[in-house]
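Enquirer: Take this sequence and fold it.
(one chain, ligands or ions: 2)
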Amino acid sequence: MEQKRSKVMVIPCDSYDEEKVYNCIKAGLGQLGGFDAIVKAEEKILVKPNLLTASVPDKAIATHPSVLRAVLRLLNERGCVDVKIGDSPGHGSCEGALKALGLKEDDIFGAKFTPMSDNVHVDFADGITCREFDFCKEIVESDAIINVCKMKTHALERITGAVKNVYGFVCGYRKAAGHVKFPNDTVFARMLADIHRCTHPRLHIMDGIVAMEGNGPGSGTPTPMNVILISEDPVALDTVYCYLIDLDPEAVPTNSQGCRMGVGTDKEEEIDIILCNVDQAKTITRKELFEKLGNGSFDVGREKPKKTFLMKYSGFMTKLARRPVIDEDECVKCGVCVDHCPVPGKAVDFKNGKQRPPVYDYKKCIRCYCCQEMCPRHAISAKKGFLSFKKKKKASIS
Ligand code: SF4
Ligand code: SF4
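Expert: Ligands and ions are numbered 1, 2, ... in the order given. Prediction:
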């Protein structure tokens, strides 16, 4: 029997020059037959970027506007007339985040901003870990979703890419409740996989031209990776992202759980890596990919909790492995972290008064890292706890 394979297009791109980005995405999409093969002109399309919060493009927090404009232009050329762009940011409004990127509603190829602020309750009987969601109404109303994610690190899931980006489908403050209900990296990844199983985004495009390493997804360091990735398989796409940064794909819960739950594959033998340029495309190996475009010193969590029978209690292990810490010199006592902590009674609070930085109650803290994601001063980082073990250095690229 022929083995099922997933294609991931890797398109080298070393600048955000709009014409260059457009030509690169067009070349990558061409390997799938272009948007002609992915959407119908009469369909309602939602383009879903990563808009964590209002931020300028240079910070590498959000999907770059050149990438978004290229996708919207290609949809316009496809003849799509009902195209919306929106996300439910962790903080602030969608419109504010799009405007902070420099996008103007009258200059995005006929597409419209959409607020992603109204909630629709969705029952999902086929859910494996999660059987109901509170989605933004645009998710339910769209015929096709194009997931335009950003290559970044993530304190809870190690990386955020195509699989994680769908958490923005959940409407507004309801995202916080999801962290309480799914309080560790594994069950949270399984809930994300169920979102994919429920909504089936049609295509995934990753902005990895300038990625974010270190203290992501909101406080890390922009670093050029000079690639755009495109795939219909979000797990395969994130797996190829892992190859590029020499991270074991199976160490990423969104990959391993996404694969187990049938969202896509993280198996090397089931993925075709297609290197695309404007004028040619060829299938390459994982090793060739890394030699050409990889960055083995990309700053991402590589430590592994030791695998023992306690791994069954992964929430417990997650708690012992890492924890959020506030840099008191950077903290301006704004209280955003306290506001975003989803735990009843708050696991971070102004226990010593508002003239002093908030303090953590690590017994209550579920390590969701919402506080770290949202701190506007980048004053919070995820520090290793005493149960972290350094991965032995070994070449995973052979
Ligand atoms: S969000 Fe950041 S700056 Fe604001 S109080 Fe919390 S740690 Fe301090
Ligand atoms: S203190 Fe931070 S990491 Fe802990 S539960 Fe609250 S938001 Fe999540």
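Enquirer: got the phi/psi numbers for F109?
Expert: Summarising the backbone geometry of F109 under the convention degrees, to the nearest 10, its torsions are phi 60, psi 40.
Enquirer: For this protein, what lies in contact range of ligand 2?
Expert: Counting by Cβ under 6 Å from any ligand atom, the residues of the chain close to ligand 2 are 324, 340-341, 343, 347-348, 360, 365-371. Every residue, glycine included, has its C-beta placed from N, CA and C.
Enquirer: Quick one: residues contacting the residue of the stretch 51-200 of the chain at minimum distance from ligand 2.
Expert: When you check the stretch 51-200 of the chain against ligand 2 by Cβ to the nearest ligand atom, the closest residue turns out to be H179, at 6.5 Å. Contacts were defined as Cβ atoms under 8 Å, 6 or more residues apart in numbering; by that measure H179 touches 188, 342, 366, 368, 370.
Enquirer: Which segments of the chain make up each domain?
Expert: Following automatic domain parsing, one finds the domains of the chain at 6-293, 306-389.
Enquirer: quick one, which of those domains is packed in tightest?
Expert: When you average the neighbours per residue for each of those (mean count of other Cβ atoms under 10 Å), domain 6-293 leads with a mean of 21.
Enquirer: Kindly check the end-to-end length of that domain for me.
Expert: The straight-line separation of the ends of domain 6-293 (Cα to Cα, to the nearest Å) is 20 Å.
Enquirer: do stretch 164-181 as well
Expert: The straight-line separation of the ends of stretch 164-181 (Cα to Cα) is 16 Å.
Enquirer: One more: stretch 169-187?
Expert: Taking Cα to Cα, the span from the opening residue of stretch 169-187 to its closing residue is 18 Å.
Enquirer: can you list the residues of the stretch 1-150 of the chain near ligand 1?
Expert: Taking Cβ under 6 Å from any ligand atom, no part of the stretch 1-150 of the chain reaches ligand 1.
Enquirer: As a check, name the ranges of all strands in the stretch 1-150 of the chain.
Expert: With DSSP state E, counting those that start in this stretch as the definition, the stretch 1-150 of the chain shows strands at residue ranges 6-12, 44-49, 82-85, 112-113, 119-123, 132-136, 144-154.
Enquirer: strand partners of the first one, parallel vs antiparallel please.
Expert: Yep, that's strand 6-12 we're talking about. Partner strands and pairing direction for strand 6-12 (DSSP bridges) are strand 221-231 (antiparallel), strand 271-276 (parallel).
Enquirer: For the closest residue in space to M206 that isn't next to it in sequence, name its beta-bridge partners.
Expert: If the residues on either side of it in the chain are set aside, M206 comes closest to L229, at 4.1 Å by Cβ to Cβ, 6 or more residues apart in numbering. Under DSSP bridges, the beta-bridge partners of L229 are V10, M206.
Enquirer: separation between V148 and I45?
Expert: Distance of V148 to I45, computed by Cβ to Cβ, to the nearest Å: 12 Å.
Enquirer: An error on my part: the question was meant for S66.
Expert: 19 Å.
Enquirer: same deal with E269?
Expert: For E269, the distance to I45 (Cβ to Cβ) stands at 33 Å.
Enquirer: for C375, same thing?
Expert: Distance, C375 to I45, using Cβ to Cβ: 34 Å.
Enquirer: Let me see the contact set for L229.
Expert: Each residue near L229 by Cβ under 8 Å, 6+ apart is listed here: 8-11, 151, 204-206, 208, 237, 240-241.
Enquirer: Name the nearest residue to I380, sequence neighbours excluded.
Expert: Across the structure, with Cβ to Cβ, 6+ apart as the measure, the residue nearest I380 apart from its sequence neighbours is Q372 (4.2 Å).
Enquirer: hang on, the earlier thing: as CSV, the strands paired with strand 6-12 with mean pLDDT would be great.
Expert: Putting those into CSV (pLDDT from 0 to 100) gives the following:
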stretch, mean pLDDT
strand 221-231, 98
strand 271-276, 98
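Enquirer: tell me the contacts of the residue lying closest to A189 once chain neighbours are set aside?
Expert: Using Cβ to Cβ, 6+ apart and skipping residues adjacent in sequence, the residue nearest A189 is P253, 3.6 Å away. Contacts for P253 were tallied using Cβ under 8 Å, 6+ apart; they are 157-158, 185-186, 188-189.
Enquirer: same thing but 6 Å
Expert: Neighbouring residues of P253 by Cβ atoms under 6 Å, 6 or more residues apart in numbering: 157, 185-186, 189.
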